[in-house]
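Trainee: I'd like to go over a predicted model; first the sequence, then the structure.
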Amino acid sequence: MTRVLLIEDDPAVRRGVVLGLRRYGHETEAVGTGEDGLEALAAFAPDLVLLDLMLPGMSGLEVCRRIRETSQIPLVILSARGDDMDVVIGLEAGADDYVVKPASGALIEARMRAVLRRVAPAQAAADAPTGTTSVGDLEIDRGALRVRKHGADVPLAPSEMKLLLFLSAAPEQTFSRQQLLEDVWEHSYYGDARLVDACVMRLRAKIEDDARHPVYVQTVRGFGYRFGPVPA
């Protein structure tokens, strides 16, 4: 049973989402403000957070940023704001996925399952070499799902971890955004390409010495991304 924390200020939406989550067998805690959500995060200890952006008081973006300061828990934004800029800002704040309301219970469930699969070691490391890979100053332990840079642990959100595992399993091979959506996010439509770009930006900020001149996750203009080659 998955424990889900829903932070949503609209009572009608809150009831509907909770009903759908419970129908799928999830244990759910629902609160109406960001402040209550941060308190519930510690008290309820969820496996995943569903977060609305338009909250009274503390905004959903601020809640997302504060969660990411201390936790890499899977986090999905659930918002009526579907403009490209809103989606990108939400993803850049640290969300693993973004679902535009109104959304069916089946869609929310599918997106949650996809994010949660990125946490599971067997899924995250599927079809990738086992053991520890050292590339430059970066050390990737696929079995433990641990990344170290200059000897220090680098905390990665589920999407960031799976993206790094996927790219580093095939160094110097270029993958299109669509390929990465299908293999990392398990999405099959082009409109979510911004998920890839936002995740790459966050990953670079954590593993690159200079995100403006990336060494590990490189852009292949007009096509997509690749891992390396990393100079000796």
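Mentor: Good, I have the coordinates. In this text, all values refer to a predicted model and were calculated from it rather than measured experimentally.
Trainee: phi, psi of Thr28?
Mentor: phi -130, psi 140 (degrees, to the nearest 10).
Trainee: list the contacts for it?
Mentor: Arg3, Val4, Leu5, Leu6, Val18, Leu21, Arg22 (Cβ atoms under 8 Å, 6 or more residues apart in numbering). (Each C-beta comes from the backbone N, C-alpha and C, glycine too.)
Trainee: tell me, how many residues neighbour Lys162?
Mentor: 28 (other Cβ atoms under 10 Å).
Trainee: check the contacts of Thr28 and tell me the two furthest apart.
Mentor: Leu5 and Arg22 (13.7 Å; Cβ to Cβ).
Trainee: take the contacts of Thr28 and lay them out in JSON lines including distance to Arg68 and pLDDT.
Mentor: Shown next, in JSON lines, are those (distance: Cβ to Cβ, whole Å; pLDDT from 0 to 100):
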{"residue": "Arg3", "distance to Arg68": "19", "pLDDT": "93"}
{"residue": "Val4", "distance to Arg68": "18", "pLDDT": "95"}
{"residue": "Leu5", "distance to Arg68": "15", "pLDDT": "96"}
{"residue": "Leu6", "distance to Arg68": "18", "pLDDT": "96"}
{"residue": "Val18", "distance to Arg68": "24", "pLDDT": "93"}
{"residue": "Leu21", "distance to Arg68": "23", "pLDDT": "92"}
{"residue": "Arg22", "distance to Arg68": "27", "pLDDT": "91"}
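Trainee: let's see which of these end up in strands.
Mentor: Counted as lying in strands by DSSP state E, out of these, are Arg3, Val4, Leu5, Leu6.
Trainee: nearest to Cys64, of the contacts of Thr28?
Mentor: Using Cβ to Cβ, the contacts of Thr28 come closest to Cys64 at Leu5, 12.6 Å.
Trainee: now tell me what touches the helix or strand containing Ala193 from outside.
Mentor: Ala193 belongs to helix 193-207 when assigned by DSSP states H and E. Applying Cβ under 8 Å, 6+ apart, the contact partners of helix 193-207 are 84, 87-88, 91-92, 94, 97-98, 138, 147, 149, 154-157, 159-160, 163-164, 177-178, 180-181, 184-185, 187, 211, 214, 216-217, 219, 224-225.
Trainee: those residues in helices, which ones?
Mentor: Asp84, Val87, Val88, Leu91, Glu92, Ser159, Glu160, Leu163, Leu164, Arg177, Gln178, Leu180 (DSSP state H).
Trainee: check contacts around the residue most central in space within the chain.
Mentor: Centroid-nearest residue in the chain: Asp96, 2.1 Å away (criterion: Cα atoms, centre = their mean). Contact analysis of Asp96 by Cβ under 8 Å, 6+ apart lists Pro74, Leu75, Val76, Val115, Arg118, Ala157, Pro158, Ser159.
Trainee: what of Ala211?
Mentor: Met201, Arg204, Ala205.
Trainee: against Val76, how distant is it?
Mentor: 25 Å (Cβ to Cβ, to the nearest Å).
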